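K.L.:
here's my sequence, what's the structure:
(2 chains)
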Amino acid sequence: QQPVQSPQAVILREGEDAVINCSSSKALYSVHWYRQKHGEAPVFLMILLKGGEQKGHEKISASFNEKKQQSSLYLTASQLSYSGTYFCGTEKNSGYALNFGKGTSLLVTP
Amino acid sequence: DVKVTQSSRYLVKRTGEKVFLECVQDMDHENMFWYRQDPGLGLRLIYFSYDVKMKEKGDIPEGYSVSREKKERFSLILESASTNQTSMYLCASSRGTSNQQFFGPGTRLTVL
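P.N.:
Next comes the predicted model:
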């Protein structure tokens, strides 16, 4: 089942912060985050695993609340290069394929 | 660097034609995936494969089939293309379990 992302779109000025949320109606093993720039392939940002392990970029932070089946991606001091569409992908058990959300469009303006 | 390549960036086909989309990865990944991406719908999984000759249906397998005869290659087949299969098709690969997926550049397919 497709996870729900919010907000659908957000516009920021350079230097501002943003939070993107991802929630699922089912128990999750992991949450993956990707960013896709216009005309390009999605690029991996981070994985958050049940139990607290994280794999990914040091400069991007995220949280995973296993009980609430929710994850949030925190973009602080945004830069123009942060613009793009952010997707969360959820995995219900280790080794299962991901279910991706519909995406959150982020635009950072000067 | 991991590289995932797809046979075409743009493809135009006629309704009823058989269409082959090819994906090749060069990092010996066990897992390969096919997604379609449509505006406002995100990435939807069509089929995936955990090993050679293995395949699993994703969320929207109807009208598609796949083939994985070699570890590095995963093909998506549209047996009889229809206009509602006009979309961007993305291939991805990953190693092991719960690891990052590497995406190819995508094939934009138009069915007339």
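K.L.:
can you pull the contacts of residue A:44?
P.N.:
By Cβ atoms under 8 Å, 6 or more residues apart in numbering or on different chains, residue A:44 lies in contact with A:32, A:33, A:34, A:56, B:100, B:101, B:102. All C-beta atoms are positioned from the backbone trio N, CA, C, and that covers glycine.
K.L.:
so of those residues, which ones are in strands?
P.N.:
Among the contacts of residue A:44, the members found in strands (DSSP state E) are A:32, A:33, A:34, A:56, B:102.
K.L.:
got CSV for these, with neighbour count, distance to residue A:70 and pLDDT too?
P.N.:
Output for these, formatted as CSV (neighbours: other Cβ atoms under 10 Å in any protein chain shown; distance: Cβ to Cβ, whole Å; pLDDT from 0 to 100):
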residue, neighbour count, distance to residue A:70, pLDDT
A:32, 28, 14, 95
A:33, 24, 13, 96
A:34, 24, 17, 96
A:56, 16, 18, 71
B:102, 21, 26, 94
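K.L.:
relative to residue A:95, which of those residues is nearest.
P.N.:
residue A:32 (13.5 Å; Cβ to Cβ).
K.L.:
please identify the pairing partners of the worst-scoring helix or strand of chain A on mean pLDDT and their relative orientation?
P.N.:
The helix or strand of chain A with the poorest confidence is strand A:54-56; it has a mean of 72 (mean pLDDT, DSSP states H and E). Here strand A:54-56 has these sheet partners by DSSP bridges: strand A:43-49 (antiparallel).
K.L.:
what does chain A put close to chain B?
P.N.:
A:2, A:29-30, A:32, A:34, A:40-44, A:47, A:49, A:55-56, A:87, A:89, A:91, A:94-95, A:97-103 (Cβ under 8 Å from any Cβ of the partner chain).
K.L.:
and the buried ones among these, selectable in ChimeraX?
P.N.:
Here is the ChimeraX command that selects the buried residues among the residues of chain A next to chain B (16 or more other Cβ atoms under 10 Å in any protein chain shown):
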select /A:2,29,30,32,34,41,42,44,47,49,56,87,89,91,97,98,99,100,101,102,103
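K.L.:
which helix or strand lies directly C-terminal to the least confident helix or strand of chain A?
P.N.:
Once strand A:54-56 ends, the next helix or strand along the chain (criterion: DSSP states H and E) is strand A:61-65.
K.L.:
hey, C-alpha coordinates of that following strand in PDB?
P.N.:
Taking Å, rounded to 0.1, in the frame of the first residue of the first chain, the C-alpha atoms of strand A:61-65 are listed here in PDB:
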ATOM      1  CA  SER A  61      18.600  14.100   8.800                       C
ATOM      2  CA  ALA A  62      15.500  12.000   9.200                       C
ATOM      3  CA  SER A  63      13.600  10.300  11.900                       C
ATOM      4  CA  PHE A  64      11.600   7.000  12.000                       C
ATOM      5  CA  ASN A  65       8.900   6.500  14.500                       C
END
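K.L.:
I am finished for the moment; much appreciated.
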